[in-house]
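Undergrad: Can you look at this prediction? I've put the sequence above it.
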Amino acid sequence: MSRTALHTMLWVAATTMSVLAADNTLGTWKRNVAKTTYQQGSGSGNPIIEQITVREAVPGGVKVTNTGKRKDGTPIDSTVVYKYDGTPTAMTGTGMRGNSSSQKRVDDNTFIVEFKDTSGKYHVKGRNVVSKDGKTMTATATGTDPEGKPIAFTIVSEKQ
């Protein structure tokens, strides 16, 4: 076998492995409200009290659907499709603070995230990390709430 053919085969194998790498965020996640904390800010004044997140694989990324409700009864029903390249993507639906978000994959368990309201002051950046046992996903973020005040929070979700 020629050296060029061998290098080509190795490159194809390496590329295929990176495309097929596990995404440990896939599945259904339920927010654990008792473990979710706001270190700074008021939780935007109307925190989420129930949330189910479904993460489904799509070609080149993930489709994320959130359902639930906020403390004042406002329903949450939103969807976004990410390509894991950090490109902002429009969110559709109701109940979430932002209307644009992005995710960039670091590894099978870690993702850099950003959410913002393109017409307002809400803008947070953070990280989602799935535990080694795959049972817990912890999201930490800092930024500004809809009033432009500093906010920092930790959201804990459990795999269903």
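TA: Thanks, I have the structure now. Numbering: from 1, shown residues only.

Undergrad: Quick check: the closest residue to H123 other than its chain neighbours vs P146, distance?
TA: Excluding its sequence neighbours, the residue lying closest to H123 (Cβ to Cβ, 6 or more residues apart in numbering) is K116, at 4.1 Å. For the C-beta atoms, the positions are set from N, CA and C on the backbone; glycine is no exception. For K116, the distance to P146 equals 11 Å [Cβ to Cβ, to the nearest Å].

Undergrad: Check N46 too.
TA: 10 Å.

Undergrad: Does V62 touch T79 like I think?
TA: No: the criterion here is Cβ atoms under 8 Å, and V62 misses it with T79 at 11.2 Å.

Undergrad: Comparing those two, which residue is more hemmed in?
TA: Per other Cβ atoms under 10 Å, whichever of V62 and T79 has more neighbours is V62, with 19 against 14.

Undergrad: what number of residues lie near the residue nearest to H123?
TA: Neighbours of K116 using other Cβ under 10 Å come to 21.

Undergrad: And P47, by the same measure?
TA: 14.

Undergrad: Could you give the bridge partners of the residue nearest to D77 when sequence neighbours are not counted?
TA: Counting by Cβ to Cβ, 6+ apart, G93 is the residue found nearest to D77 once chain neighbours are left out, at 4.9 Å. Beta-bridge pairing of G93 under DSSP bridges involves S78.

Undergrad: so who does G93 touch?
TA: N66, I76, D77, S78, T79 (Cβ atoms under 8 Å, 6 or more residues apart in numbering).

Undergrad: Test my guess that T110 contacts S131.
TA: No: under the criterion of Cβ under 8 Å, T110 is not in contact with S131, lying 11.1 Å apart.

Undergrad: shared neighbours of the two, which are they?
TA: Joint contacts of T110 and S131 (Cβ under 8 Å, 6+ apart) do not exist.

Undergrad: returning to what we had before: let's have the contacts of G93 in TSV, adding distance to N24.
TA: Output for the contacts of G93, formatted as TSV (distance: Cβ to Cβ, whole Å):
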residue	distance to N24
N66	19
I76	24
D77	25
S78	22
T79	21
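
Undergrad: which one of those residues sits closest to Y38?
TA: For the contacts of G93, the minimum distance to Y38 (Cβ to Cβ) is 17.3 Å, reached by I76.

Undergrad: Moving C-terminal from the helix or strand that contains the closest one, which element do we reach first?
TA: I76 is part of strand 75-82, with elements assigned from DSSP states H and E. Sequence order places strand 89-90 as the next helix or strand after strand 75-82, per DSSP H and E.
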